[in-house]
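Trainee: Let's see this in three dimensions:
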Amino acid sequence: MSQIKLAPNASGTGIFTLESPNSNTNRTLTLPDATGTIITTAGGAAISGTTGTFTGLVDISAAGAGQIQFPATQNASSNANTLDDYEEGDWTPTDASGAGLTLTVNGAQYVKIGRMVYGWFWITYPSTANGNYAEVGGLPFAVAGGNTNGGAFVGYTTYATAGFSGYLIYTTTRISLAIPNNAPTNANLSGKEMRMQFFYVV
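Mentor: Modelled structure (predicted):
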């Protein structure tokens with residue numbers, strides 16, 4: 001028969017109390033068949049282990065709570081119902097047209113939830129007569145392959161042509177800028193300001 005050992009800490013002076021609930025029904029607490037820590041902070045705020053199963057509401061609405069932290073490097077899951085990543089931060093838009101232009105970046109941020117990336121940038125093009133088609137690079141994650149290349153739209157620009165938008169180039173970190181039935185060149189955007197939002201799948 002297995003045994004349960006309660007081991008006191010020689011340097012501690014507090015009293016550890018196991019208190020039964022106010023219940024007329026027998027209850028069983030089953031310990032895992034592994035070495036580890038079940039609760040590491042007061043109130044059960046930290047639970048360590050490899051897998052946990054909750055069958056009821058997981059409530060993190062208390063003051064000082066409400067946060068879920070993911071590892072810095074995604075631990076990807078193939079399960080369609082598993083949220084395996086969240087990240088937010090700044091990124092740096094660059095000229096991806098091959099012209100070597102230096103863009104003025106007024107701001108650029110992104111949020112990644114699972115495989116979806118949402119973001120925006122606010123840039124100003126330098127004065128240029130370069131005729132390459134305009135592309136913005138430096139996206140925080142590479143766009144997925146296939147037909148999952150997402151989209152982009154301009155919220156504000158000093159470029160006068162209507163229908164200004166963009167599309168994500170799959171398997172790259174680039175956005176190709178577009179106008180109806182055509183694409184603007186770097187010269188078209190010379191000295192122009194642009195604020196664009198985008199979304200795509202990784």
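
Trainee: what residues are up against the nearest residue to Leu101 once chain neighbours are set aside?
Mentor: Leaving aside its sequence neighbours, Leu101 sits nearest to Asp95 (Cβ to Cβ, 6 or more residues apart in numbering; 3.9 Å). For the C-beta atoms, the positions are set from N, CA and C on the backbone; glycine is no exception. By Cβ atoms under 8 Å, 6 or more residues apart in numbering, the contact set of Asp95 is Leu101, Thr102, Leu103, Glu135, Val136, Gly137, Asn186.

Trainee: average pLDDT across the helix or strand where the fifth one lies?
Mentor: For Val136, the host element (DSSP states H and E) is strand 135-137. In this model, strand 135-137 has an average pLDDT of 98.

Trainee: For it, which outside residues touch it?
Mentor: With Cβ under 8 Å, 6+ apart as the test, strand 135-137 has contacts from 93-97, 103, 121, 123, 166, 169, 172-177, 196.

Trainee: cool, and stretch 68-86?
Mentor: Ile60, Glu87, Lys112, Ile113, Gly114, Arg115.

Trainee: now, which of those lie within helices?
Mentor: The helices, defined by DSSP state H, take in nothing from the contacts of stretch 68-86.

Trainee: Out of these, which end up buried?
Mentor: For the contacts of stretch 68-86, a burial check counting by 16 or more other Cβ atoms under 10 Å picks out Lys112.
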